[in-house]
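> Pasting the sequence and the predicted model now:
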Amino acid sequence: MTIYLGPNRYGKAETRVVRVTRDGARHAVTDLNVSVALTGDFAGTHLTGDNTGLLTTDAQKNTVYAFAREHGIASAEAFALRLARHFTGHPSVSRARVEVEAYAWDRLGDHSFARRGQEVRTATAVREGDAEWLVCGLRDLVVANTTDSEFWGYDKDRYTTLPETRDRILATAVDARWRHLSAGDGTDWDASYDGTRQALLDAFTGTYSYSLQQTLYAMGRTALEKRPELAEVRLSLPNKHHFLVDLAPFGLDNPDEVYVAADRPYGLIEGTVLREGAPDAGPAWE
């Protein structure tokens, strides 16, 4: 029997860094959670405990803090790319994967802010040799349509109890990731993110839906149509079910006005929408 070491990587996960930019009396806040994973010639540390060539995870954490000070944080995407390029400069590292979560703060005044909801912006940069991939996205963007959604015509078996409906609430918490055609330094990452996010919202709002699957495809298609810098969009949409409450025991009717929001179990719809002819994803999603 042959036993051998398979694929492996290591790094520093979830380094929280807050960067305050003080431009006179008016400040700005950037709030990130950074995770680094390095792949390379690290068999020795696994097999014999020889740590030669190993870049400590503590050094990775310190690099995040130092880069925040030395270079600032123009955007989550630019910061992830800068770190990935830095770490692949280490002689033992062949691939660097840097994932960044960005938490939004709304301005209340020149130096006062309020954390915005639960929506999180994400960016993952992967560098291997001279090749780079960038996957951006968001998660926990909660949206709902109170009408213009139907669900009927599906197969039924002896266990089917869900009634068909010609009008329902359609709600979901969007988890979306999109791969860029290139990780070029000339990209306006904030504009790209804002534009893609808006395209997803426009499609969700403007699609008369006969299924959440149809809405998913419309969202991915619209993002690719409106953002030519994107190669593909991957979406994960939980169906946030809303059920009418039976008010008859209280002598009340319920003309589609009072619902119970069920958190689990839920349907989970996932899919990818791709641009024909886009380059291969390489290790972008790994």
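Structure received.

> And the contacts of the host helix or strand of Glu225?
Using DSSP states H and E, Glu225 sits within helix 212-226. Helix 212-226 is touched from outside by 170, 172, 174, 176, 178, 195-196, 199-200, 202-204, 207, 209, 230, 232-235, 237, 239, 267, 269-275, with contacts defined as Cβ atoms under 8 Å, 6 or more residues apart in numbering. (Glycine included, C-beta is placed from N, CA and C.)

> If we use 7 Å, what do you get?
For helix 212-226, the surrounding residues in contact (Cβ atoms under 7 Å, 6 or more residues apart in numbering) are 170, 172, 178, 195-196, 199-200, 202-204, 207, 209, 230, 233, 235, 237, 239, 269, 271, 273, 275.

> Same question for stretch 251-261.
By Cβ under 7 Å, 6+ apart, stretch 251-261 touches 167, 169, 240, 242-245, 247.

> Kindly recompute the last result at 10 Å.
Stretch 251-261 has contacts (Cβ atoms under 10 Å, 6 or more residues apart in numbering) with 144, 146-147, 167-169, 171, 240-248.

> Pro163 contacts Glu150, correct?
No. In this structure Pro163 lies outside contact range of Glu150 using Cβ atoms under 10 Å: 12.0 Å.

> So which of these two has more stuff around it?
Remark: of Pro163 and Glu150, Glu150 carries more neighbours, 16 against 7, as counted by other Cβ atoms under 10 Å.

> now the helices: where do they sit in this protein?
When assigned using DSSP state H, the helices of the chain occupy the ranges 43-47, 57-70, 76-87, 189-206, 212-226.

> okay, and for the protein, where does confidence drop off?
Residue ranges of the chain with pLDDT under 70: none are present.

> mind giving me the domain ranges of it?
1-129, 133-286 (automatic domain parsing).

> measure the shortest one end to end?
The one in question is domain 1-129. End-to-end span of domain 1-129 (Cα to Cα, to the nearest Å): 34 Å.

> now do stretch 263-279
Terminal residues of stretch 263-279 lie 38 Å apart, using Cα to Cα.

> Same question for stretch 248-267.
Taking Cα to Cα, stretch 248-267 runs 28 Å from one end to the other.

> Flag every buried residue along it.
Judged by neighbour count (16 or more other Cβ atoms under 10 Å), stretch 248-267 contains these buried residues: Tyr259.

> how about the strands of this protein, start to end?
Secondary structure of the chain, counting by DSSP state E: strands at 15-23, 26-40, 93-107, 113-128, 131-145, 170-180, 230-239, 242-244, 259-261, 267-274.

> who wins for proximity to Asn8 among the ones you listed?
Closest to Asn8 of those is strand 26-40 (Cβ to Cβ; 7.5 Å).

> which helices and strands does that closest one pack with?
The contact analysis (3 or more Cβ pairs under 10 Å, 6 or more residues apart in numbering; DSSP states H and E) places strand 26-40 against strand 15-23, helix 57-70, helix 76-87, strand 93-107, strand 113-128.

> closest one to Leu138 among the ones you listed?
That would be strand 113-128 among those, by Cβ to Cβ, at 5.4 Å.

> Buried ones in the closest one, by neighbour count?
Buried-residue list, strand 113-128, by 16+ other Cβ under 10 Å: 120-128.

> What is the neighbour count of the closest residue to Glu119 other than its chain neighbours?
Computed as Cβ to Cβ, 6 or more residues apart in numbering, the closest residue to Glu119 that is not its neighbour in sequence is Leu141, at 4.9 Å. By other Cβ under 10 Å, 20 other residues sit near Leu141.
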